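Engineer: pasted the sequence and its predicted model underneath.
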Amino acid sequence: MSLDAPSGQIAFTLNGQALSLPASPVARLSQVLREGAGAKDVKVGCNAGDCGSCTVLIDGAPVCACLTPAGQAQGREVETQAGLVARDPLAGRLARAFQRHQAAQCGICTPGMMVAAVALLRHGGPLTETRVADALGGVLCRCTGYRKIIAAVMDAGDDAPLAEGGVGARLARLDGWPKVSGTEAFGDDVAPADALACRVIRSPFHRAAFRFGDLEGYRRRNGLDLILTAADIPGRNLFGVIPGFEDQPVFAEAETRFRGEAVAAVVGTADALERVETFPVEWEERPAILTPEGAAEAADLHEGRAANVMARGHVARGDVAEGLATAAHVVEGRFSTGFIEHAYIEPEAAVARRVGGRIEVQCCTQAPYMNRDGLAAILGLAPESVRIVPTATGGGFGSKLDLTAQPYVALAAWRLGRPVRIAYARSESIASSTKRHPSDIRMEVGCDAKGRITAARFDGVFNTGAYASWGPTVATRVPIHASGPYRTPAYAARSAGIHTNTAPSGAFRGFGVPQSAVAQEQLFDMLADRVGMDRLAFRRLNCLRNGDATVTGQVFETGMGMAACLDALGPHWDRALADAAAVNAAGGRTRRGVGVAGGWYGCGNTSLSNPSTIRAGVRPDGEIVLHQGAVDIGQGANTVITQIFAEALGVPVSAITLIGPDTDVTPDAGKTSASRQTFITGNAARLCGAALRTAILRLGNVGEGATILPRPGGLILRDGEAEHRVELAPGEGDYALETVESYDPPTLPLDENGQGEPYAVYGTAAQMVELEVDLDLGTVRLVAFRAAHDVGRAINPLLVEGQVEGGIAQGIGLALMEEFLPGRTENLHDYLIPTIGDVPPVTTHIIESGDPHGPYGAKGLGEHCLVPTAPAILNAIAHATGARVHHLPATPDRVRAAILAAGGGA
């Protein structure tokens, strides 16, 4: 085909194929590639050149396709991830290296990373970490912490085979190949060609009254198919995640409560939405309250929540007044954190279609069954009339637990009987999605002359925003965790979630625990200094051990691994302190510091039932099928749960056919949050695998020690020297044999003083960081991290390392750079997240204490990984400079101000 394109056509070669597509020369190349050429492996995370996920090669040079006019591709060669992996052996080796190193977690940034890496590798020359980081520096990742990506690129020439095995194996991610080959389908990749588009109309003010103009006239003039408002909702115009706290409207009525709140949605062809005139709505801005200060005097945002208090939490044990009065040393402080944006690289996206009397929604989500039930209430349908089919989810970290885009497309598709799609713009995603709760914490801690903690008092106020979301969970969880994993004989902790006119605060990796650790771990350093004690030794003296009571009175006889975590850091701590002393003795205006912090996290819901169910079967031809409904958002649930199931069944992982989340075909494995999937769904998988094994062995009439050998056409059982073929007759459904098993962790309710057994399992961690601070500029350079995490049993050590590195990267952002300011940082240029140059080398020490409740002793991990990170960094800054930063993020201006206040600026 000629590359001389006619007018209105763009002609180029895409992955070796000549194309001529109708397109404006000033259209975004990313849009032309995705919508015109079907190259869905080109991802769009920002449309501003900030995230780099849309990186492609034009004549071998990497460019951001979202910033490149399509006309610049005229007559040139364009290559994308899928084409590179399919056609270039070098890219194929890189893809296999990404698999070996688990360099793709959620996978949404992987196309941009791999394309940029291919450009580097084609240039040749020796690879160094610096050279790799420079080449990939324009691509953002929110999951991996970048270290596995660097390792994969540097290992792209090694074609070593991937691992096989069950529990304990460094098995390659089972869902990894689609991510590294460019075939994975995310939320904005699955809409049919005839789908209409949906756009949400949102408030530009923190609080405003509004009224609509002539909506029907507007619809006709602009050629729209539908306009939706609150009047069009057939069911309940409310949604939420906590029973009794479903308080957020799909569309506001009369008044909006935060900037970015939805008031209407327009539906039509993509061309029609591009041409629409200004939406007919008049706004009347009203006074708004953006922080908890003054919220008690403001009008209540919600009936029944006096003084705008959404929820409170409380834990009390022992005589705190006496414990502090008799302490040899008491320290206190006030610490605060701001809003933190999840900043997943995939903005929210969904497509819905009506199928008779049912609605089907494909979307990026962490909670399919919760989505199903929420949509059913909005649509006025039975839950069974709603089907949720999760796509690959390009990062979530908590915010994709809530309903986001799903109600708008579901309502529109239900009304129109046509497929309807939506994909949020980056600014829309940041403005409207939930955030990490801002915190204002006051805490005091006392210890005796030998450094043993005697008492602690904690008071935390959290800005929960306009609606509840996961605020009640944060209010409940924080007082339990604010002691840290340390013996605290006298303890009083209170928390309050306060409503304001800001975006709702919700779930974000830690549910408030990282904020409390910022206060508690800094105060522990201060106490150690008062006692004249090494900071690591202070923590080891006070850490919880088997047989100790937590602040809720719960006693773990086994599996409390905090001392082992601290011990793993010991030799490195001593070496790092010596190195810092040597650096600082040399003088100059740069100071080296070393910080340490501990952390813990209870896996699963707090004192509430949260079961998971797993289904599995054997087809008549011997195929073993696992119905695994836990959404994998990059953490590795698909792989870990399959490893557990395979171990219990006694077959190789490669013998398992995996069917992923779909509310029509997979049972409810619960939401992907609270570090619950490995522990809870993993236990359900273990029980299901064991039950299926028993059924198979019984059918073959062999002993418990027999080996199951999957073979083409059936199953062979080897019992000693004898082999038996299992006869599998067709059953009533798809399977000759089928098992369904559930697991719900044993917990007990908390009493009026917060005493009880809120979690069956806690994971513990200790992290240390080495860093340097420029005394004149206040800049912080991270040198190295070490992280020791008690995971009970590492089902897949490679996935453990990836979670730790990714969590540390998010903790770095919390500590040093991230702060969402409503109306000001609604993009990935002004809202800063760590780049590949911000994350230093990370060494992970895996501690396996074992746990009687966990599957093969395993605990959850995801949330724990960032809990100690920020306080460790703050403690290292204080060690380097003598200055404490009490308000995060510790930006250079704040660090410099703290240095001056501490008298270290001269």
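Structural biologist: Yes, it's here. Numbers count the residues shown, from 1 in each chain.
Engineer: from residue 759, how far out is the most centrally placed residue in the chain?
Structural biologist: Nearest residue to the geometric centre of the chain (Cα atoms, centre = their mean): residue 397, 1.9 Å. Counting by Cβ to Cβ, to the nearest Å, the separation of residue 397 from residue 759 is 20 Å. Where C-beta positions appear, they are placed from N, C-alpha and C, glycine not excepted.
Engineer: can you check residue 386 too?
Structural biologist: 31 Å.
Engineer: how about the helix or strand bottoming out on mean pLDDT in the chain: buried residues?
Structural biologist: In the chain, no helix or strand scores lower on mean pLDDT, DSSP states H and E than strand 722-726, which sits at a mean of 90. Buried residues in strand 722-726, counted by 16 or more other Cβ atoms under 10 Å: 724, 726.
Engineer: show me how far it is from its chain's centre.
Structural biologist: How far strand 722-726 lies from its chain's middle: 46 Å, per Cα atoms, centre = their mean, to the nearest Å.
Engineer: elements contacting it?
Structural biologist: Judged by 3 or more Cβ pairs under 8 Å, 6 or more residues apart in numbering; DSSP states H and E, strand 722-726 is in contact with helix 682-700, strand 714-719.
Engineer: quick one: strands adjacent to it?
Structural biologist: strand 714-719 (antiparallel) (DSSP bridges).
Engineer: what does the partner strand rub up against?
Structural biologist: With Cβ atoms under 8 Å, 6 or more residues apart in numbering as the test, strand 714-719 has contacts from 618, 621-622, 696-697, 700, 702-703, 705-710, 723-728.
Engineer: try it again with 6 Å
Structural biologist: 622, 700, 702, 703, 706, 707, 709, 723, 724, 725, 726 (Cβ atoms under 6 Å, 6 or more residues apart in numbering).
Engineer: distance to residue 900 added to those residues, as CSV?
Structural biologist: CSV is the format used below for the contacts of strand 714-719 (distance: Cβ to Cβ, whole Å):
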residue, distance to residue 900
622, 73
700, 77
702, 77
703, 75
706, 73
707, 70
709, 72
723, 79
724, 80
725, 80
726, 76
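Engineer: and these, which is closest to residue 522?
Structural biologist: residue 707 (54.8 Å; Cβ to Cβ).
Engineer: quick one: neighbours of the closest one, just the number.
Structural biologist: Neighbours of residue 707 under the rule other Cβ atoms under 10 Å: 13.
Engineer: can you pull up the bridge partners for the residue lying closest to it once chain neighbours are set aside?
Structural biologist: Computed as Cβ to Cβ, 6 or more residues apart in numbering, the closest residue to residue 707 that is not its neighbour in sequence is residue 718, at 4.4 Å. Beta-bridge pairing of residue 718 under DSSP bridges involves residue 707, residue 723.
Engineer: any idea how far residue 718 is from residue 147?
Structural biologist: 43 Å.
Engineer: start to end distance for stretch 737-748?
Structural biologist: This stretch, stretch 737-748, spans 36 Å end to end (Cα to Cα, to the nearest Å).
Engineer: oops, could you answer that again for stretch 650-665 instead?
Structural biologist: Across stretch 650-665, first to last residue, Cα to Cα, it's 24 Å.
Engineer: got it, and stretch 224-244?
Structural biologist: End-to-end for stretch 224-244, by Cα to Cα: 37 Å.
Engineer: pull the contacting residues for the residue nearest to the centre of the chain.
Structural biologist: 342, 508, 509.
Engineer: pretty sure the second one contacts residue 400?
Structural biologist: No. With contact defined as Cβ atoms under 6 Å, residue 508 does not reach residue 400; the gap is 10.9 Å.
Engineer: between these two, tell me which one has more neighbours.
Structural biologist: Each of residue 508 and residue 400 has its neighbours counted (other Cβ under 10 Å); residue 400 has more, 31 against 28.
Engineer: how about that one: what's its closest non-neighbour residue?
Structural biologist: Among residues not flanking residue 400 along the chain, residue 366 sits closest, at 4.7 Å (Cβ to Cβ, 6+ apart).
Engineer: the helices in the stretch 351-500 of the chain, which residues?
Structural biologist: In the stretch 351-500 of the chain, the helices defined using DSSP state H, counting those that start in this stretch lie at 368-379, 406-416, 426-432, 471-481.
Engineer: what are the contacting residues of the shortest one?
Structural biologist: Defining contact as Cβ under 6 Å, 6+ apart, one finds that helix 426-432 is touched by 46, 260, 341, 347, 348, 826, 827.
Engineer: hmm, residue 820 and the third one touching each other?
Structural biologist: Yes. Proximity of residue 341 to residue 820 meets the contact threshold set by Cβ under 6 Å, at 4.5 Å.
Engineer: tally of neighbours for the residue nearest to residue 707?
Structural biologist: 15.
Engineer: by contact count, what packs against the longest helix anywhere in the chain?
Structural biologist: The longest helix of the chain (DSSP state H) is helix 562-585. Where contact means 3 or more Cβ pairs under 6 Å, 6 or more residues apart in numbering; DSSP states H and E, helix 562-585 is packed against helix 535-542, strand 590-602, strand 762-774, strand 780-790, strand 842-847.
Engineer: buried stuff in it?
Structural biologist: 562-569, 572-573, 576-577, 580, 583-584.
Engineer: over to stretch 124-134?
Structural biologist: 127, 132, 133.
Engineer: what's the distance between the first one and residue 149?
Structural biologist: This points to residue 127. 13 Å.
Engineer: one more: the last one?
Structural biologist: Taking Cβ to Cβ as the criterion, residue 133 is separated from residue 149 by 9 Å.
Engineer: so the residue lying closest to residue 789 once chain neighbours are set aside bridges to which residues?
Structural biologist: Nearest residue to residue 789, sequence neighbours excluded (Cβ to Cβ, 6+ apart): residue 765, at 4.6 Å. Residue 765 has the following beta-bridge partners by DSSP bridges: residue 599, residue 789.
Engineer: hang on, isn't residue 765 packed against residue 864?
Structural biologist: Yes. The criterion here is Cβ under 6 Å, and residue 765 meets it with residue 864 at 4.9 Å.
Engineer: ok, back up a step: possible to save the buried residues of stretch 124-134 as JSON lines with distance to residue 280 and secondary structure?
Structural biologist: As requested, these are arranged in JSON lines below (distance: Cβ to Cβ, whole Å; DSSP: H, G, I helix; E, B strand; the rest coil):
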{"residue": "127", "distance to residue 280": "57", "secondary structure": "coil"}
{"residue": "132", "distance to residue 280": "52", "secondary structure": "helix"}
{"residue": "133", "distance to residue 280": "50", "secondary structure": "helix"}
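Engineer: and which of the residues you listed is nearest residue 211?
Structural biologist: The closest of the buried residues of stretch 124-134, once distances to residue 211 are taken by Cβ to Cβ, is residue 133, at 52.7 Å.
Engineer: for that closest one, give its distance to residue 117.
Structural biologist: Taking Cβ to Cβ, one finds residue 133 at 11 Å from residue 117.
Engineer: which one of the helices and strands packed on helix 562-585 lies closest to residue 310?
Structural biologist: strand 590-602 (21.4 Å).
Engineer: host element of residue 310?
Structural biologist: strand 309-317 (DSSP states H and E).
Engineer: now do the next helix-or-strand element following that strand, average pLDDT.
Structural biologist: Once the chain leaves strand 309-317, the next helix or strand it forms, by DSSP H and E, is helix 320-325. For helix 320-325, the mean per-residue pLDDT is 98.
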